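Enquirer: Structure, please.
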Amino acid sequence: MVDLEQQDDFLSVIEANKGLIYKVTNTFCKDLEDKKDLFQEISMKIWKSFESYSKEFKHSTWVYRIALNTAISFYRKEKSRKSRNAPLSEGVFNLADFQDNLQIERGAYLLSGFISELKELDRALILLYLEEKSHREIAEIIGISESNVSTKISRIKSILKQKFSQTQI
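Expert: Residues are numbered from 1 along each chain as shown. Sure thing, here's the model as predicted:
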């Protein structure tokens, strides 16, 4: 039988971290039903490992780690089951006119598309970077060294810059 206090603690952790879980699901899934399935899968994994939570980590770090690992596994399963989504339609992205809200939205759309084309680990890294997590926090969440985080983020930034420079202006 489940302890009511444990159940309340679990629900509190989910509630406090649902924003980051949604960010992970939105990064790894395009389809609303897939997002819902992934959210549920992440929640189940958190519940199953709730008793083994180590207080040496912040809840958010622990949840991020579970969410990203679950999302990567989910994405791989979905990718093998479904054909890949159609490529993004070509859009105009003009950095000189970035003041315009439409351009900002288009830039965000393109960035999101470029991120979705990255490898799973790179996608997780850049998501955490954009969340303004420190390299140390990212290393803890992903399970790699801080220097490896720095190197990978630098390479991802280069890839994204290259993609933006290749976008038709």
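Enquirer: packing partners for the helix or strand hosting Q40?
Expert: Q40 is located in helix 32-48, with elements delineated by DSSP states H and E. Contact here means 3 or more CB pairs under 8 Å, 6 or more residues apart in numbering; DSSP states H and E; on that basis helix 32-48 packs against helix 4-28, helix 59-81. Yep, even glycine has a C-beta here, placed from its N, CA and C like the rest.
Enquirer: Of the ones you listed, flag the one that's most buried.
Expert: Neighbour counts (mean count of other CB atoms under 10 Å) averaged over each of the helices and strands packed on helix 32-48 peak at helix 59-81, with a mean of 18.
Enquirer: avg pLDDT for that one?
Expert: The average pLDDT within helix 59-81 is 81.
Enquirer: for this structure, where's the lowest mean pLDDT among helices and strands?
Expert: For the chain, counting by mean pLDDT, DSSP states H and E, helix 101-116 ranks last in confidence among helices and strands (a mean of 72).
Enquirer: re the thing from before, tell me which of the helices and strands packed on helix 32-48 lies nearest to L130.
Expert: L130 lies closest to helix 4-28 among the helices and strands packed on helix 32-48, at 8.9 Å (CB to CB).
Enquirer: Figure out how far the closest one is from the centre of its chain.
Expert: 14 Å (CA atoms, centre = their mean, to the nearest Å).
Enquirer: Next up, the contacts around the closest residue to S145 other than its chain neighbours.
Expert: In space, S145 comes closest to A139 once its chain neighbours are excluded; the distance is 6.0 Å by CB to CB, 6 or more residues apart in numbering. With contact set as CB atoms under 8 Å, 6 or more residues apart in numbering, A139 has these partners: S145, E146, N148, V149.
Enquirer: how about TSV for the residues you listed, with distance to K157 added?
Expert: Putting the contacts of A139 into TSV (distance: CB to CB, whole Å) gives the following:
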residue	distance to K157
S145	18
E146	17
N148	15
V149	12
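Enquirer: Can you lay out the helices and strands packed on helix 32-48 as CSV showing distance to A124?
Expert: CSV is the format used below for those (distance: least, CB to CB, whole Å):
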stretch, distance to A124
helix 4-28, 8
helix 59-81, 4
